[in-house]
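Colleague: Just the structure for this:
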Amino acid sequence: MDKDKRARLEAKGWRVGSVDEFLGLTPDEAAYLELKLTLSERVREYRQSKRLTQVEMAERLGSSQSRVAKIENGDASVSLDLLIRSLFALGATRKELAGMIAS
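Modeller: Numbers count the residues shown, from 1 in each chain. This next block holds a predicted model:
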């Protein structure tokens with residue numbers, strides 16, 4: 001958000017903050033959620049780069065298309081384990097995964 005917009009909102013009595021502040025997340029919780037969202041985005045990018053449909057990816061995982069959609073959309077029900085297994089099923093290497101986690 002630019003400074004002018006922030007100043008206008010605050011002048012009208014609005015409080016401007018981060019999502020982490022709004023939800024009351026600890027730094028560890030915020031980092032965990034950020035990691036899950038990053039990995040979800042990477043799953044979508046890898047799948048699209050391989051020119052696979054969600055159905056084709058689901059077959060590779062032994063899962064369903066709707067589960068792949070949840071993986072790619074960062075659904076809370078998706079575990080880190082499933083995100084990592086999805087990336088490996090798409091051909092990501094350990095080194096690439098480490099890079100995703102480090103970023």
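Colleague: elements contacting the worst-scoring helix or strand of the chain on mean pLDDT?
Modeller: Between all helices and strands in the chain, the lowest mean by mean pLDDT, DSSP states H and E belongs to helix 19-23, at a mean of 79. For helix 19-23, not one helix or strand is in contact under the criterion 3 or more Cβ pairs under 8 Å, 6 or more residues apart in numbering; DSSP states H and E. For glycine as for every other residue, the C-beta is placed from the backbone atoms N, C-alpha and C.
Colleague: Could you pick out the longest helix of this protein?
Modeller: The residue-count maximum for a helix in the chain (DSSP state H) belongs to helix 27-49.
Colleague: For it, buried residues please.
Modeller: Within helix 27-49, the residues scored as buried using 16 or more other Cβ atoms under 10 Å are Leu33, Lys36, Leu39, Ser40, Arg42, Val43, Arg44, Tyr46, Arg47.
Colleague: if I look at the first one, how far off is Lys5?
Modeller: Right, the one you point to is Leu33. From Leu33 across to Lys5, the span is 25 Å (Cβ to Cβ, to the nearest Å).
Colleague: I'd like to check which residues are in contact with Thr38.
Modeller: By Cβ atoms under 8 Å, 6 or more residues apart in numbering, Thr38 lies in contact with Met100, Ile101, Ser103.
Colleague: hmm, back to that, quick one: contacts of the least confident helix or strand of the chain?
Modeller: Contacts of helix 19-23 (Cβ under 8 Å, 6+ apart): Leu25, Pro27, Ala30.
Colleague: Pull out the buried residues from the contacts of Thr38.
Modeller: By 16+ other Cβ under 10 Å, the contacts of Thr38 give Met100 as buried.
Colleague: Can you add secondary structure and give the contacts of Thr38 back as CSV?
Modeller: Shown next, in CSV, are the contacts of Thr38 (DSSP: H, G, I helix; E, B strand; the rest coil):
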residue, secondary structure
Met100, helix
Ile101, helix
Ser103, coil
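Colleague: Mind picking the lowest-pLDDT entry from the contacts of Thr38?
Modeller: Within these, Ser103 has the lowest pLDDT, namely 78.
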